[in-house]
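1. would you be able to build a 3D model of this:
(one chain, ligands or ions: 1)
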Amino acid sequence: MSKVGLFFGTTTGKTESVAEMIQQELGEDVVALHDISSADESDFENYEYLIVACPTWNIGELQSDWDGFFPQLDEIDFSNKKVAYFGTGDQVGYADNFMDALGILEEKISELGGTTVGYWSAEGYDFTESKAIKNGKFVGLAVDEDNQPELTEERVKAWVAQLKREFSL
Ligand SMILES: Cc1cc2nc3c(=O)[nH]c(=O)nc-3n(C[C@H](O)[C@H](O)[C@H](O)COP(=O)(O)O)c2cc1C
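-> Residues are numbered from 1 along each chain as shown. Down below sits the predicted model:
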């Protein structure tokens, strides 16, 4: 049984690619990938550690599969679970709503008892507003494949190294 469940939504495939990079970095035997479009509540119970991944769509909204799953989050017990988040977004085209989906999911899952790990510095990004900023940091890894694809690999590697410590893997 994998230790970490990574639940992602994706519309044009970018978040799925980053999910696969993260799985490679943490280890294929450590991380199981779940597309949220075909997941159900019981899938979350199997893991002590979760990674929740969602791009922001339609100006500040959850990706559509995550949007559909959102009410089902209430049925999941997140207490005793450490939860890390990552998202993909476009800081140039959507500077007022960069990574909002990450903030929306983190707020909800924290209310349901999840403990957030994997906070990420906002240095190196240029945007105006984001619901994903808490105490000056992103609540998880922010990836911008639209404008900074050359930074994705090093960002993923650094974040995964941090997660290994915070998940005690
Ligand atoms: C119509 C549209 C709306 C978008 N809205 C936002 C947004 O509000 N905030 C943001 O950060 N990115 C926004 N994006 C950028 C996407 O989040 C980004 O391309 C993302 O990597 C797509 O992920 P996916 O390929 O996994 O679906 C938008 C893109 C499109 C085409």
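
2. could you list the residues in contact with stretch 115-126?
-> Applying CB atoms under 8 Å, 6 or more residues apart in numbering, the set of residues contacting stretch 115-126 from outside is 51, 81-86, 91-92, 95, 98, 106, 109-110, 133-134, 136-142, 144, 151, 159, 162-163, 166-167. For every residue, glycine as well, the C-beta is placed using N, CA and C.

3. flag every residue of this structure that's near the ligand.
-> Contacts of the chain with the ligand, taken as CB under 6 Å from any ligand atom, map to 10-15, 55-60, 63, 88-90, 94, 97-100, 145-146.

4. quick one: the strands in this protein?
-> Ranges of strands within the chain are 4-8, 31-35, 49-53, 56-57, 61-62, 82-88, 115-117, 120-121, 133-134, 137-138, 141-143, based on DSSP state E.

5. neighbouring strands - and their directions - for the last one?
-> The pairing partners recorded for strand 141-143 under DSSP bridges are strand 82-88 (parallel).

6. state the mean pLDDT of the strand it pairs with.
-> Mean pLDDT, strand 82-88: 98.

7. could I get that strand in CSV with only the CA atoms?
-> This file holds the C-alpha atoms of strand 82-88, laid out as CSV (Å, rounded to 0.1, in the frame of the first residue of the first chain):
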residue,chain,number,x,y,z
LYS,A,82,-1.2,15.7,6.8
VAL,A,83,-2.1,17.4,3.6
ALA,A,84,0.1,19.1,1.0
TYR,A,85,-1.2,21.1,-1.9
PHE,A,86,0.0,22.1,-5.3
GLY,A,87,-1.6,23.8,-8.2
THR,A,88,-0.9,25.1,-11.7
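
8. now it, how far from the centre of its chain.
-> Relative to the chain's own centre, strand 82-88 is displaced by 3 Å; criterion: CA atoms, centre = their mean, to the nearest Å.
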